[in-house]
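Engineer: Fold the following.
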Amino acid sequence: DELARRGHVVLVPDALGWGDRSAPGFSRDSQQALASNLFNLGSSYAEIMAHEDLRAAAFLAGLPEVDRRRVAALGFSMGAFRAWQLAALSDDIKAAVAVNWMATLQGLMVPGNNQLKGQSTFPMLHPRLARYLDYPDVAALAAPKPMLLYAGEQDGLFPPAAVREAWARMREVWAAHGANDRLQTRMWPGGHQFLAEQQEAAFDWLAAKLPESAP
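Structural biologist: Residues are numbered from 1 along each chain as shown. This is a model prediction of the structure:
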């Protein structure tokens, strides 16, 4: 709503099984069952989410009232995963803001972490991808696009050490492109949250990084 008030065209697509695309009684166990059925059908939960986000970005960029040079992806938590993944996959996305979803796979695969529980983790697990690319490696495919990443010092889902290691790997790629100033990372106090102050800073960053609207 705030982005719309600032004059942006905003598209907010729910992932399969979330928000308006969920149903009464759809639980974490339901997510795991859905993921299992998709595997049985030769697909994956993560594949469907990524493909739908690609289609959504193309649709948004193609609207006559949208400046194609100024299309960005922004998300919190799983939405943050979707934002940096989409920036890596889609030429329609020119910048991304990812709030509280970035770390190394090794740093996430620790006892008690959601990464090991299945359920709502399946939308973010591409079969066999980890053999070749870690999460920061995938996100770095977006370089040298502008990208802002947030994390929380007390976020129990994303250990700060694993977050900082992932950010460091990403900085190497942006630096290789001569685009150090286009990757910004910020560790905020607090946990898994996206508060008003953080939102304001993110929206202002987007306004500064995207080009002026075409006449």
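
Engineer: Checking Ala151 next. Helix, strand or coil?
Structural biologist: Here Ala151 takes the strand state, with states given by DSSP: H, G, I helix; E, B strand; the rest coil.

Engineer: what's the neighbour count on the nearest residue to it once chain neighbours are set aside?
Structural biologist: Leaving out its chain neighbours, the residue that sits closest to Ala151 by C-beta to C-beta, 6 or more residues apart in numbering is Val163, at 4.5 Å. Where C-beta positions appear, they are placed from N, C-alpha and C, glycine not excepted. Each residue near Val163 was counted by other C-beta atoms under 10 Å, and the total is 26.

Engineer: Quick check: Val163 vs Asp134, distance?
Structural biologist: Going from Val163 to Asp134 by C-beta to C-beta, to the nearest Å gives 13 Å.

Engineer: for Leu195, same thing?
Structural biologist: 29 Å.

Engineer: quick one, which of these two is more surrounded?
Structural biologist: With neighbours defined as other C-beta under 10 Å, Leu195 and Asp134 compare such that Asp134 has more, 18 against 11.

Engineer: Would you tell me what helix or strand the closest residue to Leu16 other than its chain neighbours is located in?
Structural biologist: Among residues not flanking Leu16 along the chain, Ile48 sits closest, at 5.8 Å (C-beta to C-beta, 6+ apart). In the assignment (DSSP states H and E), Ile48 maps to helix 45-62.

Engineer: mind checking how far that helix is from the chain centre?
Structural biologist: In terms of C-alpha atoms, centre = their mean, to the nearest Å, the centre of helix 45-62 is set 13 Å apart from its chain centre.

Engineer: Helix or strand next in line after it, which one?
Structural biologist: Downstream of helix 45-62, the first helix or strand assigned by DSSP H and E is strand 72-76.

Engineer: picking that back up, in contact with the residue nearest to Ala151, which residues?
Structural biologist: Taking C-beta atoms under 8 Å, 6 or more residues apart in numbering, we find Val163 in contact with 102-103, 107, 151, 155, 187.

Engineer: my guess is Ala80 contacts Ala103, does it?
Structural biologist: No. If you go by C-beta atoms under 8 Å, Ala80 and Ala103 don't touch, sitting 11.1 Å apart.

Engineer: any weak-confidence spans in this protein?
Structural biologist: Along the chain, segments meeting pLDDT under 70 span 213-215.

Engineer: next one: stretch 119-136 to chain centre, how far?
Structural biologist: From the chain centre to the centre of stretch 119-136 is a distance of 13 Å (C-alpha atoms, centre = their mean).

Engineer: Counting neighbours, which bits of that stretch end up buried?
Structural biologist: Residues 120-124, 126, 134-136 are the ones in stretch 119-136 that count as buried (16 or more other C-beta atoms under 10 Å).

Engineer: what comes into contact with it?
Structural biologist: 15-17, 28-29, 31-32, 34-35, 39, 44-47, 49-50, 78, 81, 102-106, 114-115, 138, 166-167, 169-170.

Engineer: Please consider this matter closed, and thank you.
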